[in-house]
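Peer 1: Mind folding the following:
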Amino acid sequence: MPGLMSNLDLMKEADAFPYEDSEPEAYKALSDTLYTLIWKGGHPLGYMLDSVLKTLLDTPEEIRGPVIVDEAKRTVRAFELPTEAERTARVAGLMKYWRENKTFDILRGWRNELWPIYGKDDEVIYSAERSGTGLLGIMRYGVHMTGYVKDETASYGMKILVAQRAANKSTYPGMLDNSVAGGLMTGEDPFECIIREADEEANLPEELMRERAKFTGMVTYIYITDERAGGEAGQIYPETQWVYDIELPTDFVPTPNDGEVANFYLWTVEEVQQKLAEGRFKPNCALILADFFIRHKIMTPENESNYDEIVRRLHRKLPFPGPHQIAPSTASV
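Peer 2: Now for the predicted structure:
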């Protein structure tokens, strides 16, 4: 059927940043439009667009603080104050200024949530407003969970719980989503975060989560936003997701609590695969489902010719410091 997306197409949409070894021309073309935000020791924190750097430099210095740009190396240093609290306050003041001056559309989706930026040794060097992280191109962290029920009448012996995002959400309205997902705030434990999100989004009891939810590893990728993300397209989102599975009781009925989910569906693997192929899922949720299919032997080297590249894109090597550098098998939750 024409127009359907392959599994690899879905991975390339979610992990959209070109690979230097296999896509050198595309990699160079994009890199030439970016500056690397670095920390004092020289290690990278994120990829900042030319346009954002220009806006940063045009912002009054009493708001942004000193900014050091190396044109030759295409690096930028900023927010280098003595303490984490001072640095966080500086970034908050910048984001507030941009928001009040309507500088970037993306800040209309202000969340009032602080997300961490890590230095070496997993030290949080400062935090930034969630909606503004893409402007700095810094690492973003979240949690995603796939819920399923055993059903011997269905293929693979299961049906998968799929959420549909509310039509009024500022990002990816109306698209299909994983059973439960959310962003990880500064200082928040990933497992406690998925428990909170499960309650808010699906009314999943805490005791059921603690008993049945299982951490399965991390996925890492670099997404590039389009208009569905809200605000300016082309922002660079290096992301890490802590991934969980939960086998749900057959009589469990999810109910949205926070207005972010419009509906839940319990679909067979084939129904989920069809919706994936139609491009109905939020891009990174398609990536999480691919990880689920691999772990549950639904996607295998025998039935997927691009298996190795899909696995590579699920676990992209990222240059930025942070907890994602811990091997998935030993990651702490």
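Peer 1: Pick out the residue nearest the middle of this structure.
Peer 2: Central residue of the chain (Cα atoms, centre = their mean): Glu239, 4.4 Å from the mean position.
Peer 1: so how far is Ala202 from the residue at the greatest distance from the centre of the chain?
Peer 2: Relative to the centre of the chain, and counting by Cα atoms, centre = their mean, the farthest-placed residue is Thr153 at 34.1 Å. According to Cβ to Cβ, to the nearest Å, Thr153 stands 24 Å off from Ala202. C-betas here are computed from N, CA, C, even on glycine.
Peer 1: and the strand or helix carrying Cys193, how far from the chain's centre?
Peer 2: Taking DSSP states H and E as the criterion, Cys193 maps to helix 190-202. Distance of helix 190-202 from its chain centroid, counting by Cα atoms, centre = their mean, to the nearest Å, is 16 Å.
Peer 1: what do you get for stretch 282-297?
Peer 2: That offset, for stretch 282-297, works out to 14 Å (Cα atoms, centre = their mean).
Peer 1: Excluding its own residues, what touches that stretch? List them.
Peer 2: With contacts defined as Cβ atoms under 8 Å, 6 or more residues apart in numbering, stretch 282-297 is touched by 7, 10-11, 13-15, 144, 146, 156, 158, 160, 165, 172, 175-178, 181, 216-217, 219, 221, 223, 239, 241, 243, 245, 269, 272, 276, 281, 298-300, 310-311, 313-314.
Peer 1: Would you show me how to pick out the buried ones of those residues in PyMOL?
Peer 2: Buried residues among these (16 or more other Cβ atoms under 10 Å), as a PyMOL selection:
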select buried, resi 7+10+11+13+14+15+144+146+158+160+165+172+175+176+177+178+181+216+217+219+221+223+239+241+243+245+269+272+276+281+298+299+310+311+313+314
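Peer 1: which stretches of the stretch 101-250 of the chain form strands?
Peer 2: Secondary structure of the stretch 101-250 of the chain by DSSP state E, counting those that start in this stretch: the strands cover 114-118, 124-129, 140-150, 158-165, 176-177, 180-183, 214-224, 236-247.
Peer 1: With mean pLDDT and distance to Val69 as extra columns, can I get the ones you listed in CSV?
Peer 2: Formatted as CSV, these follow (pLDDT from 0 to 100; distance: least, Cβ to Cβ, whole Å):
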stretch, mean pLDDT, distance to Val69
strand 114-118, 96, 19
strand 124-129, 97, 19
strand 140-150, 97, 24
strand 158-165, 97, 38
strand 176-177, 97, 39
strand 180-183, 95, 30
strand 214-224, 97, 23
strand 236-247, 97, 18
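Peer 1: list the buried ones in the helix holding Cys193?
Peer 2: For helix 190-202, burial by neighbour count (16+ other Cβ under 10 Å) applies to Pro190, Phe191, Cys193, Ile194, Ile195, Arg196, Glu197, Ala198, Asp199, Glu200, Glu201, Ala202.
Peer 1: Could you pull out the buried residues of stretch 20-33?
Peer 2: Leu30.
Peer 1: which ones are touching the closest residue to the residue nearest to the centre of the chain other than its chain neighbours?
Peer 2: Once flanking residues are discounted, Glu239 sits nearest to Arg140: 4.8 Å by Cβ to Cβ, 6 or more residues apart in numbering. Arg140 makes contacts with Trp115, Thr133, Gly134, Gly183, Tyr237, Pro238, Glu239, Thr240, as judged by Cβ under 8 Å, 6+ apart.
Peer 1: Name whatever forms a beta bridge with the first one.
Peer 2: What it means is Trp115. Taking DSSP bridges as the rule, Trp115 bridges to Ala128.
Peer 1: Equivalent analysis for the fourth one, please.
Peer 2: Here Gly183 sits in beta bridges with Gly142, as judged by DSSP bridges.
Peer 1: Report the separation between the residue nearest to Glu239 and Asn284.
Peer 2: From Arg140 across to Asn284, the span is 10 Å (Cβ to Cβ).
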